[in-house]
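> this one's sequence-less:
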C-alpha cells in the first residue's frame, strides 16, 4: 500500500494561516478530517491571533477584518474562563509564545514526515478538531529495514506525543507463526516476531482484530497466505472513536 500526495488544485479549500515560506491550506470537511497542506508562496506573513492579542495587551493596537475578529474571540475566551491577562502580562506572553511556536513546529515537521517505509500526517479531526497522527506503513522485507522502520515510528510517537495515533499498513511481519500458512517458516525468524511484538508494546497501541478473512495477503494460486497488514491505534484513538 502506498500513499500519494493530495492534489488541492481543483478542490475547495481555504487558507487558515500563513508562514514566511508557505501557505497552510486546510481542506475543510464537516464529517471527516481537516487535512492541512503546506504550499509555497511569496506572501508576507500577516499577524496571527496571538500576535494581535499581544499587540492589544502591550500596544493597545487594533486590526481590521478577519484577523481582528480572531483576536477579539481570543480575548473574550480569556475573560470567560477567568484568566486575568492584565495582571500577568509577562507570564502570559511567554506561555502563549512558546505554545504557538511549538504547535507551528509540530505541524511543519509532520507535513514533511516521510521516512523509509512510512508516510505520516497530522490531522485536526471533526468538529472538536482533535489532533490525530496517521502513519501509513509499507515495510521492506529484510529485517534490518524493518527494525529501522519500527525504531523511527516509535521515536516519532515519543517526540510528538500528545494526540490520537493510528499506524496502519503492510508491516511485512507477523506476531506469531500461526499468522503465516504455506510459507517457509524459516523466512519468519523468531527474532523478527519477537521484535515486532516488542514494537507494538513499546508503541503503546492496540492491535485491532480483523473481520472476515483470517489473512490479508495471498499469493496468486492461494497456496500461501499471511496476515502482514495491521491497524494499530492508541488508547486515545479508541476513547475518541471506539
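Cool, got the structure. Bear in mind the structure is a predicted one, so any value in this text is a computation, not a measurement.

> what's the domain layout of this protein?
With domains defined by automatic domain parsing, the chain comprises 49-108, 114-241.

> Could you tell me the least trusted of the ones you listed?
When these are compared on average pLDDT, domain 49-108 comes out lowest at a mean of 56.

> Show me where this protein has its strands.
14-18, 22-27, 33-40, 114-115, 118-125, 130-138, 164-170, 180-181, 206-207, 217-218, 225-226, 229-233 (DSSP state E).

> between the longest one and strand 118-125, how many degrees?
Same thing as strand 130-138. 160 degrees (axes from the mean of the first three to the mean of the last three Cα atoms, to 10 degrees).

> Need the contact partners of strand 130-138.
1-3, 33, 110, 117-125, 149, 153, 156-157, 160, 162-171, 237, 240 (Cβ atoms under 8 Å, 6 or more residues apart in numbering). (C-beta placed from N, C-alpha, C; glycine too.)

> can we see that at 6 Å?
1-3, 117-123, 125, 163-167, 169-171, 240 (Cβ atoms under 6 Å, 6 or more residues apart in numbering).

> what's the spacing between the closest residue in space to residue 192 that isn't next to it in sequence and residue 191?
Distances taken as Cβ to Cβ, 6 or more residues apart in numbering put residue 143 closest to residue 192, at 5.5 Å, once the chain neighbours are dropped. Look at residue 143 and residue 191: by Cβ to Cβ, to the nearest Å, they are 7 Å apart.

> Can you give me the buried ones in stretch 129-138?
If you call a residue buried by 16 or more other Cβ atoms under 10 Å, then stretch 129-138 has these buried ones: 130-138.

> For residue 198, the count of nearby residues, please.
Look at residue 198: counted by other Cβ atoms under 10 Å, it has 12 neighbours.

> what's near enough to touch it?
Here residue 198 is in contact with no residue (Cβ under 6 Å, 6+ apart).

> distance of it from residue 181?
24 Å.

> between the buried residues of stretch 129-138, which is closest to residue 176?
Taking Cβ to Cβ as the measure, residue 176 sits nearest to residue 137 out of the buried residues of stretch 129-138, at 19.2 Å.
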